[in-house]
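Asks: give me coordinates for this.
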Amino acid sequence: MAKYVGAIDQGTTSTRFMIFDHDGHEVARHQLEHEQILPRAGWVEHDPHEIWEATQDVVEAALGRAGITADDLVAIGVTNQRETTVVWDRRTGEPYYNAIVWQDTRTDTVVSALDKTDAGRLIHERAGLPPAPYFAGSKIQWILGNVDGVRSDAEAGHAIFGTIDSWLIWWLTGGPDGGLHMTDVTNASRTMLMDLETLEWDDELLALFDVPRSMLPEIRSSSEVYGSTTADGPFGGEVSIAGDLGDQHAALVGQVCFQPGELKNTYGTGNFLVLNTGTDIVRSDNGLLTTLAYKLGDAPAVYALEGSIAVTGSAIQWLRDQLGLIKAAAETEGLAASVDDNGGVYFVPAFSGLFAPYWRSDARGVIVGLSRYNTVAHIARAALEAICYQSRDVVDAMIADADLDLEILRVDGGVTANDLCMQIQADILGVPVSRPVVAETTALGAAYAAGLATGFWSSTDELVANWNESMRWESTSTQEQRDTGHAQWKKAVDRTLGWVDLG
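Replies: Residues are numbered from 1 along each chain as shown. Next up is the predicted model:
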């Protein structure tokens, strides 16, 4: 009898495949990084073929490590970096252009103009999103308008669009030979093209971006049996694909935040705070996104408020790769701990503008407060604090929008391995921070969705029983310290604004 569930977790910097048992414990994993393509300032791309090849490699390696085959898997789920846009030829599987990554800002002038018109208000109302280059709609529009042959092929039904989940599921189920062209409600909700209430592509939104409906994948729930992998694919046999969620929605499920008012924060390339608002669509007055949390099978859709932060963990990568101040990301903890405070230095990594709650694509990164006294240790500490201050800005917005009384923050993702960073987070917020035993909740959530769809788990109550705390950080700061530090942070944020002239 099959006794495991797998999850493909395709992220911004890497792809992994993880295998879980019935208790939600990790059995095996394998992970590979992929190239970050930076053609010019503000442009970020990935090679879709490299991502598909990495997916095949990590699946085969993890199955090998676990000593299992396709027959041992009940099902698999897929979770993915959201908004990242691929347009490819359904006849051949050949992309017309590199995947345009969610961080990419090449369409900022276009969406900035929309935000000042009735079109911007329509996008807010129907899609729950502010017009921003972050989302997929303007990326599709850019490919249609700037890559030769795409518009005519789209109108002929050959060129199709997908976020990374769609790209991978299409290949896993046969590619040019009958591959499924689909996505789930969570990924569709990040395009500026889906109506939040009907959960369908909206003709008026499609017209705003001049996107042919024929390009778009079928929208499905986040947890149901969509189809099966092919025998000649990386699994070497047929396995049900039964879960599909954007990464932050998957993390919400992995953190078992199934009740309204429950909140999680995922620390990765960026930070993403998601608050379950139940079956109610809560409109934000404070710069948050109204989005889908998940839809499990035939059950009603569950909605969320989200605060998306573009640059957090990737700021540490920037210190390593672009500045050469550190050799490994883990060095930041020791460096930052070697000083008592930030020495007056604040680092606002607005490399792609500022996302929630500001939504300022004219912003760019700054390091302020420098003096001869400061060292690389102060900059390292300021980088960790930037992760935590940006999260506080979003928490403050959630408190205002949802009348939230935050008692604890559940955290997950790679940066949570940095104990000092989590202590700083608790101190900046003034509430405890809790990390689960399985910190990679994105993959776990995709596995949970697939397992629920196939009866491997009987209900969400069973998943809640699986959750266990690994570590908790209590706040050691005073209210005065929190207020003073945050006031200085807000001054630093002000210095980033208006740097780019958007016309």
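Asks: check which residues of the lowest-mean-pLDDT helix or strand in the chain are buried.
Replies: Within the chain, no helix or strand scores below helix 108-114, which has a mean of 85 by mean pLDDT, DSSP states H and E. Of the residues in helix 108-114, Asp108, Val110, Val111, Ser112, Leu114 count as buried by neighbour count, 16 or more other C-beta atoms under 10 Å. Placement of C-beta: from N, CA and C, glycine included.
Asks: residues touching that helix, excluding its own?
Replies: Applying C-beta atoms under 8 Å, 6 or more residues apart in numbering, the external contacts of helix 108-114 come out as 42, 120, 123, 131-133, 138, 141-142, 208, 353, 361-362, 500, 502-503.
Asks: helix or strand right after that helix?
Replies: For helix 108-114, the following helix or strand on the C-terminal side (DSSP states H and E) is helix 118-127.
Asks: elements contacting that following helix?
Replies: Here helix 118-127 touches helix 203-209, going by 3 or more C-beta pairs under 8 Å, 6 or more residues apart in numbering; DSSP states H and E.
Asks: list the buried residues of the helix it packs on.
Replies: Buried, per 16+ other C-beta under 10 Å, within helix 203-209: Leu205, Leu206, Leu208, Phe209.
Asks: got it, and stretch 482-489?
Replies: Arg482, Gly485, Gln488, Trp489.
Asks: and the second one, what does it touch?
Replies: If you count contacts by C-beta under 8 Å, 6+ apart, Gly485 has them with Glu385, Tyr389, Ile428.
Asks: distance of it relative to Gly369?
Replies: Here the criterion is C-beta to C-beta, to the nearest Å. By it, Gly485 lies 12 Å from Gly369.
Asks: try the third one
Replies: Separation of Gln488 from Gly369 (C-beta to C-beta) stands at 8 Å.
Asks: which residues do these two both contact?
Replies: Common neighbours of Gln488 and Gly369 (C-beta under 8 Å, 6+ apart) are Tyr346.
Asks: local confidence estimate at the closest residue to Thr183 other than its chain neighbours?
Replies: Using C-beta to C-beta, 6 or more residues apart in numbering and skipping residues adjacent in sequence, the residue nearest Thr183 is Pro217, 4.4 Å away. In this model, Pro217 is scored at 98, pLDDT.
Asks: ok, now Val58?
Replies: Val58 is given a pLDDT of 98.
Asks: show me what counts as buried in the helix or strand encompassing Val86.
Replies: Val86 is located in strand 85-89, with elements delineated by DSSP H and E. Residues of strand 85-89 classed as buried: Thr85, Val86, Val87, Trp88, Asp89 (neighbour count, 16+ other C-beta under 10 Å).
Asks: in JSON lines: those, plus pLDDT.
Replies: Below are the buried residues of strand 85-89 laid out as JSON lines (pLDDT from 0 to 100):
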{"residue": "Thr85", "pLDDT": "98"}
{"residue": "Val86", "pLDDT": "98"}
{"residue": "Val87", "pLDDT": "98"}
{"residue": "Trp88", "pLDDT": "98"}
{"residue": "Asp89", "pLDDT": "98"}
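Asks: wait, which of those residues is closest to Val348?
Replies: Nearest to Val348, judged by C-beta to C-beta, of the buried residues of strand 85-89 is Thr85 at 26.9 Å.
Asks: neighbours of the residue nearest to that closest one when sequence neighbours are not counted, how many?
Replies: In this structure, Thr85 finds its nearest non-sequential neighbour in Lys139, 3.9 Å apart by C-beta to C-beta, 6+ apart. Using other C-beta atoms under 10 Å, Lys139 has 29 neighbouring residues.
Asks: which elements pack onto the host helix or strand of Lys139?
Replies: Following DSSP H and E, one finds Lys139 within helix 136-146. If you count contacts as 3+ C-beta pairs under 8 Å, 6+ apart, helix 136-146 packs onto strand 85-89, strand 99-100, helix 108-114, helix 150-155, strand 159-163, helix 203-209.
Asks: now it, how far from the centre of its chain.
Replies: Chain-centre distance of helix 136-146: 20 Å, with C-alpha atoms, centre = their mean, to the nearest Å.
Asks: could you check the angle it makes with helix 118-127?
Replies: Here helix 136-146 runs at an angle of 130 degrees relative to helix 118-127 (axes from the mean of the first three to the mean of the last three C-alpha atoms, to 10 degrees).
Asks: what is the mean pLDDT for helix 136-146?
Replies: 96.
Asks: for stretch 159-168, same thing?
Replies: 98.
Asks: end-to-end on it?
Replies: In stretch 159-168, first residue to last residue: 16 Å (C-alpha to C-alpha, to the nearest Å).
Asks: might you report the residue contacts of the residue lying closest to Asp298 once chain neighbours are set aside?
Replies: The shortest distance from Asp298 to any non-neighbouring residue, by C-beta to C-beta, 6+ apart, is to Ser221 (7.5 Å). Ser221 sits next to Asp184, Val185, Lys295, Leu296, Gly297, Asp298 when contact means C-beta under 8 Å, 6+ apart.
Asks: could you dump the residues you listed to CSV with secondary structure, neighbour count and distance to Val394?
Replies: Putting the contacts of Ser221 into CSV (DSSP: H, G, I helix; E, B strand; the rest coil; neighbours: other C-beta atoms under 10 Å; distance: C-beta to C-beta, whole Å) gives the following:
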residue, secondary structure, neighbour count, distance to Val394
Asp184, strand, 33, 24
Val185, helix, 25, 23
Lys295, coil, 24, 24
Leu296, strand, 21, 26
Gly297, coil, 13, 30
Asp298, coil, 8, 32
